[in-house]
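Visitor: Okay, predicted coordinates and the sequence, questions at the end:
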Amino acid sequence: MAEANVSVKLRIEELSEEMWKKNPFFEVARTSKLPPSSLRKYLSGLEMLFKASYRNLSLAADKASANGDEELARFFSAKRDEELGHDQWARDDLKFVSAPEKGSMPKVQPESAQFICDFGHYLADLDPFYYLGYVSFAEYMTTYLGPRFLECTSENGLDKSKISALSNHVVLDVGHAEENFELIESRFQDPAVRDRFNSVVQQSSILLSAFFEECARE
Ligand SMILES: [Fe+2]
C-alpha cells in the first residue's frame, strides 16, 4: 500500500478516535442506554443519508461517465447498486423505538443530516473523485467505530439487531473501505489532488460529528 494511501486511512482512524472520545453521542452510548429521542434522530438521519447516497452515487457515476472516466463511473455504479434498499433497514429499526407520546411518531429530520446530503451532492456534481473522500470517510469510520459502538449499546441493553442500519453496514463496509483505498491509491500521484482529497475527508468528519452531536441533544 502506498504511503499517501496509508495516510488517508490513518487520518480517518485519528478523526474517528477523536469523535469517539469527544462526541457527546458516543459518550452517552459508552455509559448508558441511548434515549429514544437520540435513537430516533440517529436512525432518521441514517435513513436520509442512505437515500441521499443512492442519489449521489448515481450522480457521481453519471458525471464520471460524462468526463470519460469509465473506471470511476463503473466504481460508483456498482456502489450505487449495492446501496439500494439500505434506507429500509433504518425504517425497520425505527419501528422498535418507542414514540414520545402514545400513538404519535413525528417525523424527525436532523438538519445536520441534510447538510451532509447536500455536501455529497455538491461534491458528486463538482468532481466525483472528491465525493469518494466523503464515501471513504463514512464507510471506514463505520467499520472502525461501529463494532465498539454496538458492543456498548448491547452492554447497555440495546441489541445490535435493533440497529441493523449500522450492524449490517459494519459487515458490508469492510470490503467497501478496502476497495475505496485501492482506487484512491491509484489516483494519488498529484500532491494537489491529495491535499484537496484530504480536506474533503476532514470536512466529512466535521459534518458527521455535527450530526452525532445533534442526535445527542435533547
Ligand atoms: Fe449502505
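Guide: Thanks, I have it.

Visitor: count of neighbours near whichever residue of the chain sits closest to the ion?
Guide: Nearest residue of the chain to the ion, counting by C-beta to the ion: residue 86, 3.7 Å away. All C-beta spots, glycine's among them, are computed from the backbone N, C-alpha and C. Look at residue 86: counted by other C-beta atoms under 10 Å, it has 20 neighbours.

Visitor: dump the residue contacts of it.
Guide: 50, 53-54, 165, 168-169 (C-beta atoms under 8 Å, 6 or more residues apart in numbering).

Visitor: Considering these, which possesses the most neighbours?
Guide: Neighbour counts for these (other C-beta under 10 Å) peak at residue 53, which has 25 neighbours.

Visitor: tally of neighbours for the closest residue to that one other than its chain neighbours?
Guide: Leaving aside its chain neighbours, residue 53 sits nearest to residue 83 (5.4 Å; criterion: C-beta to C-beta, 6 or more residues apart in numbering). Other residues near residue 83 number 19, with proximity taken as other C-beta under 10 Å.

Visitor: Which pLDDT value goes with the residue nearest the centre of the chain?
Guide: Nearest to the geometric centre of the chain sits residue 138, at 3.3 Å (C-alpha atoms, centre = their mean). Looking at residue 138, its pLDDT is 96.

Visitor: start to end distance for stretch 118-135?
Guide: Using C-alpha to C-alpha, to the nearest Å, the end-to-end distance of stretch 118-135 comes to 14 Å.

Visitor: tell me, how many neighbours does residue 13 end up with?
Guide: 14.

Visitor: and the helix or strand where residue 175 lies, does that touch the ion?
Guide: Residue 175 is located in helix 164-186, with elements delineated by DSSP states H and E. No: using C-beta under 5 Å from the ion, helix 164-186 stays clear of the ion, coming no nearer than 5.6 Å.

Visitor: Please identify the buried residues of stretch 110-121?
Guide: 110, 112-113, 116-117, 119-121 (16 or more other C-beta atoms under 10 Å).

Visitor: how far does it sit from the chain's center?
Guide: 11 Å (C-alpha atoms, centre = their mean, to the nearest Å).

Visitor: Who are the packing partners of the longest helix along the chain?
Guide: Criterion DSSP state H: the longest helix present in the chain is helix 36-66. If contacts are counted by 3 or more C-beta pairs under 8 Å, 6 or more residues apart in numbering; DSSP states H and E, helix 36-66 sits against helix 24-31, helix 70-83, helix 86-94, helix 111-126, helix 128-155, helix 164-186, helix 191-216.
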